[in-house]
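Trainee: Coordinates for the following, if possible.
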Amino acid sequence: MKKHFEILDGLRGTASLLVVAFHLLEITFWDPAKNPLHHAYLAVDFFFLLSGFVIGYAYDDRWKSMTIKEFFKIRLIRLHPLVLAGILLGAIGYWFDPFVGNGQQVSFLRLLLGIGLGVLLIPSPTLPNRWTETHSLNGPSWSLCQEYVANIIYGFIGPRLGRKALISVVALSGIVLAVTSITHGHLQGGWGWDTFWMAPVRVAFPFFCGLLIYRLNARIRIPVAYPLLSLVLLILFILPYFPMNGLYEAVCILVFFPLIIAAGAGGTVTGRTATLCHFFGRISYPIYILHYPFIYIYNHWYYDKHPSPQLAVLIASSLFLFFIFLAWVAVRFYDEPMRARLSARFRK
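Mentor: Purely as a prediction, here's the structure:
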């Protein structure tokens with residue numbers, strides 16, 4: 001049986017919780033430079049890096065007995081049930097949001113188009129009152145779209161991508177990411193049509209770097225790895241915007257995130273820490289993909305009701321706990337049973 005990287009599971013959960021907290025704080029602090037979790041949107045880049053490592057670990061040694069079609073089926077079973085749940089929540093929230101007045105009145109056919117393209121993770125025309133989002137019913141779907149693209153590329157060329165070629169891809173995509181970040185000043189983009197070009201830039205280096213870390217067997221052993229690495233992630237996210245902010249965010253992705261992955265892969269956990277990592281790993285994906293439809297409604301409530309700071313903190317804190325509960329319910333009673341049924345049918 002393959003080794004399980006519990007610390008990486010836990011770190012995925014840590015990053016998920018931090019980006020959810022960032023989105024809640026974003027309602028009050030629209031400017032990321034003023035958000036207490038200034039750089040937490042980089043959790044998405046951290047997810048991509050984790051994904052590259054895990055994909056290599058899970059599938060690199062299976063290609064002698066696995067076809068590309070089988071690989072795509074396995075990945076769809078793993079990812080798509082929660083994509084569908086997120087789109088359903090987003091559509092319900094968009095249609096019945098009580099705090100927008102006439103701001104989101106669209107024809108039912110227009111909404112069906114958004115649902116249909118959202119189910120397929122295809123970027124679609126932005127719905128009213130949703131900034132310039134490419135996935136208007138559930139904003140985080142933009143990153144799942146890029147995840148699918150990375151998986152497709154891996155499926156077709158990954159098994160035949162030698163070490164030197166992979167290093168070249170990582171180096172070239174790293175240069176592009178660094179230039180983009182330094183020129184743009186930050187990497188808070190890819191989710192809207194105005195910065196859609198940034199989405200492939202943000203996925204290319206992390207995904208293939210994660211794959212390279214796995215194939216090089218890069219491991220760093222440190223004591224109390226999970227709490228220490230979680231603290232490092234938190235510090236990287238809460239440091240303020242710098243005069244050379246784009247350079248800082250590039251260094252986070254090009255240097256610090258790979259080191260964190262290597263240290264997480266090289267560590268071990270037992271007891272309660274292992275249990276916590278397992279729990280965080282289970283809820284990391286559902287909390288990320290399911291929370292944002294409620295963020296839309298919270299945002300509209302906040303600007304419609306103009307609550308006191310104390311009430312806003314209470315509601316935001318309650319939502320944060322609710323998202324954890326929702327993620328656990330979704331994975332326990334929907335995602336895992338659905339994947340088990342689909343996997344059993346696939347094996348037949």
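Trainee: Distance check, the most centrally placed residue in the chain against residue 15.
Mentor: Residue closest to the mean C-alpha point of the chain, counted by C-alpha atoms, centre = their mean, is residue 44 at 4.3 Å. Relative to residue 15, residue 44 is positioned 9 Å away (C-beta to C-beta, to the nearest Å). For every residue, glycine as well, the C-beta is placed using N, CA and C.
Trainee: got any ranges where the stretch 101-250 of the chain has weak pLDDT?
Mentor: For the stretch 101-250 of the chain, no stretch is flagged by pLDDT under 70.
Trainee: what about the helices in it?
Mentor: Using DSSP state H, counting those that start in this stretch, the helices found in the stretch 101-250 of the chain span residues 108-119, 141-157, 163-184, 198-215, 225-238, 245-251.
Trainee: closest to residue 134 out of those helices?
Mentor: For the helices of the stretch 101-250 of the chain, the distance to residue 134 is smallest for helix 141-157, at 5.4 Å, taking C-beta to C-beta.
Trainee: So which bits of that closest one are buried?
Mentor: 141-151, 153-155 (16 or more other C-beta atoms under 10 Å).
Trainee: what's next to stretch 199-208, contact-wise?
Mentor: 44-46, 48-49, 51-52, 55, 142-143, 145-147, 149-150, 154, 166, 169-170, 173-174, 176-177, 180, 187, 189-191, 253-254, 257 (C-beta atoms under 8 Å, 6 or more residues apart in numbering).
Trainee: Would you list the buried entries among those residues?
Mentor: Neighbour-count burial (16+ other C-beta under 10 Å) applied to these gives 44-46, 48-49, 51-52, 55, 142-143, 145-147, 149-150, 154, 166, 169-170, 173-174, 177, 180, 187, 189-191, 253-254, 257.
Trainee: where's stretch 4-20 relative to the chain centroid, distance-wise?
Mentor: From the chain centre to the centre of stretch 4-20 is a distance of 11 Å (C-alpha atoms, centre = their mean, to the nearest Å).
Trainee: And for stretch 166-177?
Mentor: The answer for stretch 166-177 is 21 Å, by C-alpha atoms, centre = their mean.
Trainee: With distance to residue 34 added, can I get the helices of the stretch 101-250 of the chain in a markdown table?
Mentor: Supplementary listing: those in a markdown table, determined by distance: least, C-beta to C-beta, whole Å:
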| stretch | distance to residue 34 |
| --- | --- |
| helix 108-119 | 31 |
| helix 141-157 | 23 |
| helix 163-184 | 18 |
| helix 198-215 | 21 |
| helix 225-238 | 12 |
| helix 245-251 | 13 |
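Trainee: Nearest to residue 65, out of those?
Mentor: Here helix 141-157 is closest among the helices of the stretch 101-250 of the chain (C-beta to C-beta), at 14.8 Å.
Trainee: Helix, strand or coil: sort out residue 43 for me.
Mentor: helix (DSSP: H, G, I helix; E, B strand; the rest coil).
Trainee: From residue 13, how far off is it?
Mentor: According to C-beta to C-beta, residue 43 stands 11 Å off from residue 13.
Trainee: and if you look at residue 266?
Mentor: 19 Å.
Trainee: Of those two, which one has the most company?
Mentor: residue 13 (26 against 16; other C-beta atoms under 10 Å).
Trainee: Which of the residues in whatever helix or strand the more buried one lives in are classified as buried?
Mentor: For residue 13, the host element (DSSP states H and E) is helix 6-26. Buried positions in helix 6-26, judged by neighbour count with 16+ other C-beta under 10 Å: 6-26.
Trainee: Could you give the separation of that helix from the chain centroid?
Mentor: Averaging C-alpha positions (C-alpha atoms, centre = their mean) puts helix 6-26 9 Å from its chain's average.
Trainee: just checking, what packs against that helix?
Mentor: Contact here means 3 or more C-beta pairs under 8 Å, 6 or more residues apart in numbering; DSSP states H and E; on that basis helix 6-26 packs against helix 43-59, helix 225-238, helix 257-266, helix 271-290, helix 292-305, helix 309-330.
Trainee: Show me what the third one is in contact with.
Mentor: Outside helix 257-266, the residues within contact range by C-beta under 8 Å, 6+ apart are 5, 7-8, 10-11, 42, 45-46, 49-50, 53, 206, 209-210, 213-214, 218-222, 225-226, 229, 232-233.
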